[in-house]
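S.K.: Below is the sequence, then the predicted model.
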Amino acid sequence: SFGMVPPPSGKSSQNFQTFPRDYQDARISLYLCNQTTNIMNSDIMHSAFGVTKQNYLEMRNESTQIVLKIQTSDEKLCCSCCGSLNVTHSGSKLRRFRSVPFGAKSCFLEMPVQRLTCKDCGKTAQEDIDFAKGKRRHTINFANMVIDMSRFGTIQDIAWFLNVSWDVVRNIQMEFLQKEYGHPDLSQLEYISIDEFAVHKGHVYKTIVIDLCTGRIVYVGDGNGKDSLNDFWEKLGERKSKIKAVCTDMSKAFTGAVIEHLDLATLIIDHFHVIKLMNEKIDRLRRLLIHEEKDINKRKVIKNTKWLLLRNGGDIFDSKFNTRLDNALNLNEPLMKAYYLKEDLREIWNQISKTDGEKVLDLWIQQAIGSKVQQLIEMAKTLRAYKPFILAWYDHSISNGKIEGINNKIKGSSDISSDTAIM
């Protein structure tokens, strides 16, 4: 027990019952040390707060927070530019750093930061602070605790528990993510996937590229046009020749960019996007038939079959649903043709060889054109135009499955900004 207070109304305390062992040991040691000797030794200061160069002076209990006063001893003061110990004091500035909590209380390190003039290099600068970075108002240990808690808590929960603002937690996370993933290694890229997703309710688009071998995001660009990938091609440089295959949807912007910049790579059209486009054609046909049907009863039968038409036929096990689907198909011949061609479309990728797959694709295109259904004719023309890239799946069996999963995670990250979610 660390003297924690109950969570606010409506919040679960499940996420805050267990903490990293390092922090637990540090708090217990700190408590015992103060109760027995009332002296902070160097081991406690180092393990609990990450302080190595400074000496502990005193502790003040200020209402809901604890302040530990520390100071660098004269013999450890050195020039932050050249490291020389031959320095003189030129003033100081009192600073407070937020550190890991002391039980249920917030804990701060208070330190007079010395301004030093070096007699060797002649420069004047503040002393180095090893337990905090730059001008940040929190310690490195505090930032590490935030990162550890981020594995099982939301930004809002962490900010509440540590009694800091939402922005403090978010900025720590952003800094960590930028350091770890802001500059991905592009030297080993061989198989990549390109896709787009919408943010801010669909008014803004992002283009994302992932390494299919590792599943890591290697690039995020603004927009969904051809220009959104320009920075990625520039970063690749001569490493473009190492890319073996690229999987994308049927976007002219993406396919055109890949053909232009990766002339040695194999372009593959993701088969899930092909199926998705076919489903869109069927749904458009269904809505058109509903609009044209004058019989109210027939219109109702067709209107309530969207889910049945778009689902895989083999996944419909309920006899009632099968009966409803059969009734809808028997009432309308164009809808029946579209549905069975949709079911046959998957067979293009189920063949033993690329040659067999090409035969199935050619037959499908012939049947779609022969159906004289406008939506199917449009689909046949699209497949004919992308035929080499569809069949390229037999050369490199890759898809956009991983990148679609990442996109769904980004869209589902409702409590953080899109930039944080992407990283």
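M.R.: Arrived safely. Numbers count the residues shown, from 1 in each chain.
S.K.: mind checking pLDDT for the nearest residue to Ala245 once chain neighbours are set aside?
M.R.: Nearest residue to Ala245, sequence neighbours excluded (C-beta to C-beta, 6 or more residues apart in numbering): His396, at 3.9 Å. Using the backbone N, CA and C atoms, a C-beta is placed for each residue, glycine as well. Looking at His396, its pLDDT reads 93.
S.K.: and the helix or strand encompassing Asn330, which residues are buried?
M.R.: Here Asn330 sits within helix 319-331, counting by DSSP states H and E. Within helix 319-331, the residues scored as buried using 16 or more other C-beta atoms under 10 Å are Arg324, Leu325, Ala328, Leu329, Leu331.
S.K.: Same check on stretch 197-216?
M.R.: Of the residues in stretch 197-216, those buried by neighbour count under the rule 16+ other C-beta under 10 Å are Phe197, Val199, Tyr205, Lys206, Thr207, Ile208, Val209, Ile210, Asp211, Leu212.
S.K.: can I assume the third one sits in a helix?
M.R.: Just to be clear, that refers to Tyr205. No: counting by DSSP: H, G, I helix; E, B strand; the rest coil, Tyr205 is located in no helix; its state is strand.
S.K.: Now do the same contact list for it.
M.R.: Taking C-beta atoms under 8 Å, 6 or more residues apart in numbering, we find Tyr205 in contact with Glu196, Phe197, Ala198, Val199, Asp222, Gly223, Asn224.
S.K.: So which of those residues belong to helices?
M.R.: Among those, no member is found in helices (DSSP state H).
S.K.: out of these, which one sits closest to Ile302?
M.R.: The closest of those to Ile302 turns out to be Ala198 (C-beta to C-beta; 30.2 Å).
S.K.: Was I right to think that closest one contacts Thr207?
M.R.: No: Ala198 lies out of contact with Thr207 (C-beta atoms under 8 Å); the separation is 11.3 Å.
S.K.: returning to what we had before: the residue nearest to Ala245 in helix, strand or coil?
M.R.: coil.
S.K.: In contact with it, which residues?
M.R.: By C-beta under 8 Å, 6+ apart, the contact list for His396 reads Tyr191, Lys244, Ala245, Thr266, Ile268.
S.K.: Please state the backbone phi and psi of it?
M.R.: phi -140, psi 110 (degrees, to the nearest 10).
S.K.: try Met111
M.R.: phi -150, psi 130.
S.K.: Leaving out chain neighbours, which residue sits closest to it?
M.R.: Spatial nearest neighbour of Met111, chain neighbours left out: Ile70 (5.1 Å); criterion: C-beta to C-beta, 6+ apart.
S.K.: Which helix or strand contains that neighbour?
M.R.: If you go by DSSP H and E, Ile70 is part of strand 65-72.
S.K.: chain center to the longest strand belonging to the chain: distance?
M.R.: Longest strand of the chain, by residue count under DSSP state E: strand 87-102. Taking C-alpha atoms, centre = their mean, to the nearest Å, one finds strand 87-102 lying 36 Å from the centre of the chain it belongs to.
S.K.: same question, stretch 152-159
M.R.: 17 Å.
S.K.: go on, stretch 282-290?
M.R.: Here the centre of stretch 282-290 is set off from its chain's centre by 36 Å, with C-alpha atoms, centre = their mean.
S.K.: And that stretch, what's buried?
M.R.: Ile282, Leu285, Arg286, Leu289, Ile290.
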